[in-house]
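Colleague: just the structure for this:
(one chain, ligands or ions: 1)
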Amino acid sequence: MKRILVALLFTTYMVTNAQKIQSPSEFLGYELGTEFSRHHEVVDYYTYLAHTVSDRVLLKPYGKTNERRPLLLAYVSSPENIKNIENIRANHLKSTRGEGDAKIAIVWLSYNVHGNESVSTEASMQTIYELLTNKVSYLENTVVIIDPCINPDGRDRYVNWYNENKNTPNNVDPKSIEHHEGWLNGRANHYMFDLNRDWAWLTQVESQQRLKAYNLWLPHVHVDFHEQGINEPYYFAPAAEPYHEVITNFQRDFQVTIGKNHAKYFDKNGWFYFTKEVFDLFYPSYGDTYPLYNGAIGMTYEQGGSGRAGLGIITRTGDTLTLKDRIAHHFTTGISTVEVASKNASKLNEEFKKFYTNKNFKYKSYALSGSDDKVNALTQLLAQHQIEYGWSDATTLKGFDYTSGKIKSRKIAQNSLIVSTDQPKGTLVKVLFEPNAKLSDSLTYDITAWSLPYAYGLDALATETKVNATTNITTKDPIKNIISENTYAYIGDWNSMNDARFLADLLKENIKVKFTQKPFTLEGKKYERGSLIITKSDNRNKKDFAIKLSEISEKHAKHLMSTSTGFVDRGDDFGSSSVHLIKKNNIAVLTGKPTSTLQFGEVWHFFEQQLKYPLTVLESDFLNADDLEAYDVLILPDGWYGSFMRNNIQKELKEWVKNGGKLIAMGGAIEGLEGKNGFKIKSKKTEKDTTKTEPLISYEDSEREGIKNLITGAIFKTKVDKTNPLAFGYEDTYFTLKLGDDAFDYLKEGNAVYLEEETTPTAGFAGSDARKKIANTLVFGTENYGKGQVVYMVDNPLFRGFWENGKLFFVNALFMVD
Ligand SMILES: [Zn+2]
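Modeller: Numbering: from 1, shown residues only. Predicted coordinates for the structure are as follows:
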């Protein structure tokens, strides 16, 4: 009887609440799926829910985008759970230390990480409404965290463009303009970064702010909602091979459990779907793998649609795919995910705790050393991931040496950085630090290597025993440079992005800076090529010189040596012609059609958010010698320049370089500079071996055969000519991240970084034909022409903003090459 009464009360409670809450359609004033909702309208709906059902919905802002749109998380659960939300969270996190008795399932649903995959945010509104009305029972033992839009700038860019261009009523003809976005388009954020490649590197404000919130919860289940091409139906878990070896059997199996539950609903409706194909689990910076490496069931769901789909479009089979269909599918998998999590709450809690027990990986510790700036850059990233680290005593260690690729015993200095896998984030440490991740299948659609010691240019040793470390480093005194009247010059070293930012600030402040082209010794200290020399007499007309230099060096914690003489012990004196003034260059980048939106974005972001130096963005109409006269440097980002360069543009550029311009050509832009009227660079010709007959390949095997020509992203050890200004601040070798098999012959002179005969990758996968092709080719080089220069960057040091150790090459190209 009592039970019936409770049940009755419960039902009335549900019904009255259901009546009180407006559905998305009622609230927005149009039927969901008949319009794209702008971000502010979505924010309004969530805010409305948080007010109307405040006992079951908590809405918390976690930051702002580049264009100042709010980023939000909605926490949805039963009134009981919402009241106890802080206890639930604390108890859940205890599991990461093997403690506590957490019982509540935590499900995190992330919508619209890709801007023009615009159905997701719409589906999120229907999903939260359903959870608050018809599916309240799931919330008894589950907290659902909903991010309605990870990438509001990217989504509104698409939605606004669509609204401006669509027919009324909308037109389902795939040729109509509403199905063809313009140039600055697609799935990326404001800076054209793909946020679904940024979870591990955290180069973007959206990722940085989101990860703080994510680490407060570390959910059991994380879903990243996406869209794929209009002719694909729907994709859900289980994912495709390769799986990273750290993914546990439970994580694999539970993907199947969830997938089968989705299939049940899709089958009932007669909807098509596929699983186990295409989307693999290897690269650590996705919205499925990153959560997996943090103990969650991380999954990607893909609806057919994306930027081409609009409100409706005719597909290859002649069907019309509508926004309403797309919403229905994402809605179904979202609710089904919460259902499975709720049913398996205790199992999820048990297995989550198990995930966080020590895994006994082969390498227990990573010992890293290098310049303070580079170590600092890495520890900043580790702190954001809540990865613990410490500092060693001076000792001798045996382990895998990253530079030589061999097992070695060697001394490590006092206060070397130690990162160990024996910690809650141990799995993530293994994935990010190990020299070469084990690849179970080479058919993957992303880069296959990313090891942080190579990316940050640090000496590293991976050891099979745990290295003791202390978290108390003897604090270094804050940098306080003595700027005095008697000083003849100040000298600073040059080997990091921190040094580059220091230089950029000096130039912006109109402080004159020189660099040395040759090493020198002064007062017993050796200075390498590229060292900065700031003399008092170069700046004698700048009244606040001393104050500004002191401010800027403090801001960047940049240590300067001061000297009262320009007479060096060994090398060239400061008045020598080998000591050059660094020009405060006017820099422009080409934008528009021939360039890749992503690579243009990397340059754009680099200037505004990393180097912080002004940049002019030029349309191709301005690429003539007259307009270019105002600029010292022009950057051509990666792209497709073939037909573009034929329109006399090559001639204009050549004229401009001859008169003293500096052209920086990246990736695909290099090919555009070839040819008999172009510059000296030449693509490498590969001869086909005609003496051997190739075996016939079956139709089915042809995709696999194709990977012989493939490098999707692997690390190679290259040679460096340290005397080339492009390579100032580097050692004799450099580990480059190669993203394809583009190959150019050596230049006659000016080969700053290059591959020799041996091209076995240090880490990652490279097909056998591709390896042959890139043997003896250029990576970075310079060509003098007339009064100007061309800088070639075959590999992209700005790729996704995470290859920290490559960025100084780019800065050298801007300021040192002259
Ligand atoms: Zn996507």
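
Colleague: would you confirm that residue 186 contacts residue 601?
Modeller: No - with contact defined as C-beta atoms under 8 Å, residue 186 does not count as touching residue 601 (10.0 Å). C-betas here are computed from N, CA, C, even on glycine.

Colleague: distance check, the spatially closest residue to residue 106 that is not a sequence neighbour against residue 424.
Modeller: Spatial nearest neighbour of residue 106, chain neighbours left out: residue 219 (4.2 Å); criterion: C-beta to C-beta, 6 or more residues apart in numbering. Distance, residue 219 to residue 424, by C-beta to C-beta, to the nearest Å: 15 Å.

Colleague: with neighbour numbers in mind, choose between those two.
Modeller: Set residue 219 next to residue 424 and count neighbours by other C-beta atoms under 10 Å: residue 219 wins out with 25 against 22.

Colleague: and what about the more buried one, helix, strand or coil?
Modeller: coil (DSSP: H, G, I helix; E, B strand; the rest coil).

Colleague: give the residue spans of the stretch 101-250 of the chain that score low on pLDDT.
Modeller: Applying pLDDT under 70 to the stretch 101-250 of the chain flags no residue at all.

Colleague: where along it do the helices fall?
Modeller: 119-133, 152-165, 205-215, 249-269 (DSSP state H, counting those that start in this stretch).

Colleague: could those go into a markdown table alongside distance to residue 98 and mean neighbour count?
Modeller: Formatted as a markdown table, the helices of the stretch 101-250 of the chain follow (distance: least, C-beta to C-beta, whole Å; neighbours: other C-beta atoms under 10 Å):
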| stretch | distance to residue 98 | mean neighbour count |
| --- | --- | --- |
| helix 119-133 | 31 | 25 |
| helix 152-165 | 38 | 20 |
| helix 205-215 | 18 | 19 |
| helix 249-269 | 16 | 16 |
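
Colleague: so which of those comes closest to the ion?
Modeller: Checking these against the ion by C-beta to the ion gives helix 119-133 as the closest, at 8.9 Å.

Colleague: what packs against that closest one?
Modeller: helix 2-20, helix 24-28, helix 39-52, strand 70-76, strand 142-147, strand 221-228, helix 323-343 (3 or more C-beta pairs under 8 Å, 6 or more residues apart in numbering; DSSP states H and E).

Colleague: can we see that at 6 Å?
Modeller: Counting contacts by 3 or more C-beta pairs under 6 Å, 6 or more residues apart in numbering; DSSP states H and E, helix 119-133 packs against helix 24-28, helix 323-343.

Colleague: what residues does the stretch 51-200 of the chain put near the ion?
Modeller: 114, 117 (C-beta under 5 Å from the ion).

Colleague: residues near the residue of the stretch 51-200 of the chain found nearest the ion, how many?
Modeller: Residue nearest to the ion within the stretch 51-200 of the chain: residue 114 (3.6 Å; C-beta to the ion). By other C-beta under 10 Å, the residues close to residue 114 number 26.

Colleague: ok, the nearest residue to it once chain neighbours are set aside - contacts?
Modeller: Nearest non-adjacent residue to residue 114, counting by C-beta to C-beta, 6+ apart: residue 187, 3.4 Å away. Shown in contact with residue 187 (C-beta atoms under 6 Å, 6 or more residues apart in numbering): 114, 115, 116.

Colleague: contacting residues around the residue most central in space within the chain?
Modeller: Geometric centre of the chain, nearest residue: residue 198, 3.3 Å, by C-alpha atoms, centre = their mean. Applying C-beta under 6 Å, 6+ apart to residue 198 gives the contacts 204, 207.

Colleague: tell me the contacts of the closest residue to the ion within the stretch 151-300 of the chain?
Modeller: The stretch 151-300 of the chain approaches the ion most closely through residue 226 (3.3 Å), counting by C-beta to the ion. By C-beta under 6 Å, 6+ apart, the contact set of residue 226 is 114, 117, 300, 302.

Colleague: what parts of the chain come near the ion?
Modeller: Residues of the chain lying close to the ion (C-beta under 5 Å from the ion) are 114, 117, 226.

Colleague: relative to residue 154, how far out is the last one?
Modeller: For residue 226, the distance to residue 154 equals 13 Å [C-beta to C-beta].

Colleague: just put the helices and strands packed on helix 119-133 in a markdown table and tack on mean pLDDT and mean neighbour count.
Modeller: Supplementary listing: these in a markdown table, determined by pLDDT from 0 to 100; neighbours: other C-beta atoms under 10 Å:
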| stretch | mean pLDDT | mean neighbour count |
| --- | --- | --- |
| helix 24-28 | 98 | 18 |
| helix 323-343 | 98 | 22 |
